[in-house]
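Novice: return a 3D structure for these sequence lines:
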Amino acid sequence: IGWIILEDFYIKDMWSTHVSKITSDKNRQSKLASWTVDQKIESLNISHVLTNEEYNVLMEIKNARNEVVHEGKTPNKETVEKCLELAHRVVQEYIGNHIGTKFSEL
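Specialist: The predicted structure follows:
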(Lines give C-alpha, C1' and ligand atoms only; values in the text may rest on other atoms or scores of the structure.)
Protein backbone atom coordinates (compact mmCIF):
# COMPACT_ATOMS: atom_id res chain seq x y z
CA ILE A 1 0.00 0.00 0.00
CA GLY A 2 2.89 2.34 0.76
CA TRP A 3 4.23 1.92 -2.76
CA ILE A 4 0.79 2.58 -4.26
CA ILE A 5 0.66 5.90 -2.37
CA LEU A 6 4.11 6.80 -3.65
CA GLU A 7 3.45 5.76 -7.24
CA ASP A 8 -0.13 7.00 -7.64
CA PHE A 9 0.22 10.26 -5.77
CA TYR A 10 3.78 11.37 -5.10
CA ILE A 11 5.54 10.35 -8.32
CA LYS A 12 2.50 10.84 -10.56
CA ASP A 13 1.93 14.38 -9.28
CA MET A 14 5.62 15.27 -9.38
CA TRP A 15 5.77 13.98 -12.96
CA SER A 16 2.62 15.82 -14.01
CA THR A 17 3.85 19.09 -12.52
CA HIS A 18 7.24 18.71 -14.18
CA VAL A 19 5.79 17.91 -17.62
CA SER A 20 3.24 20.74 -17.42
CA LYS A 21 6.12 23.19 -16.92
CA ILE A 22 7.67 21.97 -20.17
CA THR A 23 4.58 21.82 -22.39
CA SER A 24 0.97 22.92 -22.19
CA ASP A 25 -0.04 20.55 -25.01
CA LYS A 26 -2.52 18.15 -23.36
CA ASN A 27 -1.94 15.46 -26.00
CA ARG A 28 1.79 15.41 -25.30
CA GLN A 29 1.18 15.49 -21.55
CA SER A 30 -1.14 12.50 -21.93
CA LYS A 31 1.47 10.52 -23.87
CA LEU A 32 4.10 11.21 -21.25
CA ALA A 33 1.71 10.27 -18.43
CA SER A 34 1.71 6.70 -19.77
CA TRP A 35 5.43 6.26 -19.10
CA THR A 36 6.30 3.61 -16.53
CA VAL A 37 7.10 4.66 -13.00
CA ASP A 38 10.69 3.59 -13.61
CA GLN A 39 10.95 5.91 -16.61
CA LYS A 40 9.38 8.75 -14.65
CA ILE A 41 11.78 8.34 -11.72
CA GLU A 42 14.77 8.22 -14.07
CA SER A 43 13.65 11.32 -15.94
CA LEU A 44 12.85 13.24 -12.76
CA ASN A 45 16.32 12.48 -11.43
CA ILE A 46 18.11 13.35 -14.67
CA SER A 47 16.25 16.65 -14.82
CA HIS A 48 17.14 17.39 -11.16
CA VAL A 49 13.56 17.34 -9.88
CA LEU A 50 14.56 14.41 -7.65
CA THR A 51 17.85 14.54 -5.83
CA ASN A 52 20.16 11.54 -6.04
CA GLU A 53 19.22 10.64 -2.47
CA GLU A 54 15.47 10.77 -3.24
CA TYR A 55 16.10 8.78 -6.42
CA ASN A 56 18.04 6.11 -4.53
CA VAL A 57 15.32 5.74 -1.89
CA LEU A 58 12.54 5.48 -4.48
CA MET A 59 14.50 2.94 -6.53
CA GLU A 60 15.22 0.87 -3.41
CA ILE A 61 11.53 0.84 -2.50
CA LYS A 62 10.46 0.14 -6.10
CA ASN A 63 12.90 -2.75 -6.39
CA ALA A 64 11.69 -4.20 -3.07
CA ARG A 65 8.08 -3.89 -4.29
CA ASN A 66 8.97 -5.73 -7.49
CA GLU A 67 10.65 -8.52 -5.54
CA VAL A 68 7.54 -8.88 -3.34
CA VAL A 69 5.14 -8.95 -6.28
CA HIS A 70 7.15 -10.94 -8.81
CA GLU A 71 9.28 -13.21 -6.63
CA GLY A 72 7.37 -13.46 -3.35
CA LYS A 73 10.35 -12.16 -1.37
CA THR A 74 9.95 -10.41 1.95
CA PRO A 75 11.44 -6.90 1.92
CA ASN A 76 13.99 -5.94 4.56
CA LYS A 77 12.84 -3.92 7.55
CA GLU A 78 14.85 -0.81 6.67
CA THR A 79 13.31 -0.55 3.20
CA VAL A 80 9.80 -1.04 4.58
CA GLU A 81 10.42 1.69 7.15
CA LYS A 82 11.67 4.07 4.44
CA CYS A 83 8.58 3.34 2.36
CA LEU A 84 6.17 3.87 5.24
CA GLU A 85 7.93 7.05 6.37
CA LEU A 86 7.79 8.58 2.89
CA ALA A 87 4.20 7.43 2.29
CA HIS A 88 3.22 8.92 5.66
CA ARG A 89 4.77 12.28 4.72
CA VAL A 90 2.96 12.22 1.36
CA VAL A 91 -0.41 11.47 3.00
CA GLN A 92 0.13 14.22 5.59
CA GLU A 93 0.96 16.71 2.83
CA TYR A 94 -2.10 15.76 0.80
CA ILE A 95 -4.40 15.99 3.80
CA GLY A 96 -2.85 19.31 4.81
CA ASN A 97 -3.28 20.72 1.31
CA HIS A 98 -6.88 19.50 1.15
CA ILE A 99 -7.75 21.00 4.52
CA GLY A 100 -5.95 24.21 3.57
CA THR A 101 -8.19 24.63 0.51
CA LYS A 102 -11.29 24.17 2.68
CA PHE A 103 -10.47 26.93 5.21
CA SER A 104 -12.21 29.54 3.08
CA GLU A 105 -15.41 27.51 3.29
CA LEU A 106 -15.41 27.47 7.10
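Novice: is it true that residue 10 touches residue 90?
Specialist: Yes. At 4.7 Å, residue 10 counts as touching residue 90 under the criterion of CB atoms under 8 Å. The way it works is simple: take the backbone N, C-alpha and C, and place the C-beta from them, glycine included.
Novice: buried sites along the lengthiest helix in the chain?
Specialist: In the chain, with assignment by DSSP state H, the single longest helix is helix 77-102. Buried residues in helix 77-102, counted by 16 or more other CB atoms under 10 Å: 79, 82-83, 86-87, 90.
Novice: out of those, show me where the pLDDT dips lowest.
Specialist: Across the buried residues of helix 77-102, the smallest pLDDT goes to residue 90, namely 93.
Novice: hey, where'd the strands end up in the chain?
Specialist: Using DSSP state E, no strands are found in the chain.
Novice: low-confidence ranges, it, go.
Specialist: Within the chain, the segments meeting pLDDT under 70 span 103-106.
Novice: kindly check the end-to-end length of stretch 67-86 for me.
Specialist: With CA to CA, to the nearest Å as the measure, stretch 67-86 spans 19 Å from end to end.
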